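Student: all I have is the shape, not the residue letters:
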C-alpha cells in the first residue's frame, strides 16, 4: 500500500486513521505491518464497503475534504471493490536503527558478506549486490530508472533488488533515488577489502 508523504505525516500525527482503496482483491490483511517513512503502520481492519456507505466523516478520517474528493481519487474499474482500511501507527521502522548500527565485529561483517553472496548465488541475473552498492555509493540521489539503465536492467526488478538491500539496513530511499546508509558504507568497505 502506497501513501503520499502528506498522508504519512497526517497518519503519524494522528489526523488520519483510514485509507480507502479500490482493489480487485485486498492488497493487505488485518495484522499486516507496513513499513513507511514515518514508521510502522498496523493494519487493524480491511472491509469491503459500498460507495454509498462512505460518509464525509470517513473521508476526513482518510485525509480528504469530503466524500466526493475521496471517491474521485479512487482507481476506476467495474471489476474493483472499494475497501476501507483502518490504520494506526505502530512504532519506529526497525530498519532505521539498523541503518545506523555500525558497531559490527569482523565476524558480523563476514556474515553479512556471506548473506549477500547467497543472494547473488540465487539471482537469475548473476551477482548484483556489491555492484548495486557500488553504483548507489557513486551516484546517490539518482533516479532508479537511470541507475537501472547503468546496470542494463529494467527499473522494477532493479528497485526490488535495492529493497532487499534496504531490508538489511544497507541503503536508504531518498525523495529521488537512494544513498548508502552508514551501515551500508561499512559493509561496502568490507566487501572491497575482501576482493582486494
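Tutor: Sure, I can see it. The structure displayed is predicted, hence computed values, not measured ones.

Student: my guess is residue 5 contacts residue 37. True?
Tutor: Yes - counting by Cβ atoms under 8 Å, residue 5 touches residue 37, with 6.9 Å between them. No exception for glycine: its C-beta is placed from N, CA and C like everyone else's.

Student: return the distance of residue 161 relative to residue 19.
Tutor: 28 Å (Cβ to Cβ, to the nearest Å).

Student: more neighbours: those two, which one.
Tutor: The neighbour comparison of residue 161 against residue 19 (other Cβ atoms under 10 Å) goes to residue 19, with 23 against 19.

Student: so that one sits in a strand?
Tutor: Yes - Residue 19: assigned to a strand according to DSSP: H, G, I helix; E, B strand; the rest coil.

Student: counting neighbours, what do you get for residue 105?
Tutor: Look at residue 105: counted by other Cβ under 10 Å, it has 8 neighbours.

Student: and residue 157, by the same measure?
Tutor: 13.

Student: show me the contacts for the closest residue to residue 167 other than its chain neighbours.
Tutor: The shortest distance from residue 167 to any non-neighbouring residue, by Cβ to Cβ, 6 or more residues apart in numbering, is to residue 95 (6.9 Å). Counting by Cβ atoms under 8 Å, 6 or more residues apart in numbering, residue 95 touches 35, 166, 167, 169.

Student: just give the closest residue to residue 104, not the sequence neighbours.
Tutor: Using Cβ to Cβ, 6+ apart and skipping the chain neighbours, the partner closest in space to residue 104 is residue 186 (6.6 Å).

Student: what's the answer for residue 142, then?
Tutor: Per Cβ to Cβ, 6+ apart, closest to residue 142 is residue 177, 4.5 Å.

Student: thought residue 139 was touching the one you found, still the case?
Tutor: Yes - when contacts are counted by Cβ under 8 Å, residue 177 is listed as touching residue 139 (7.5 Å).

Student: next, the buried residues of stretch 53-67.
Tutor: 54, 58, 59, 60, 61, 62, 63, 64, 67 (16 or more other Cβ atoms under 10 Å).

Student: tell me the pLDDT of residue 101.
Tutor: According to the predicted model, the pLDDT of residue 101 comes to 91.
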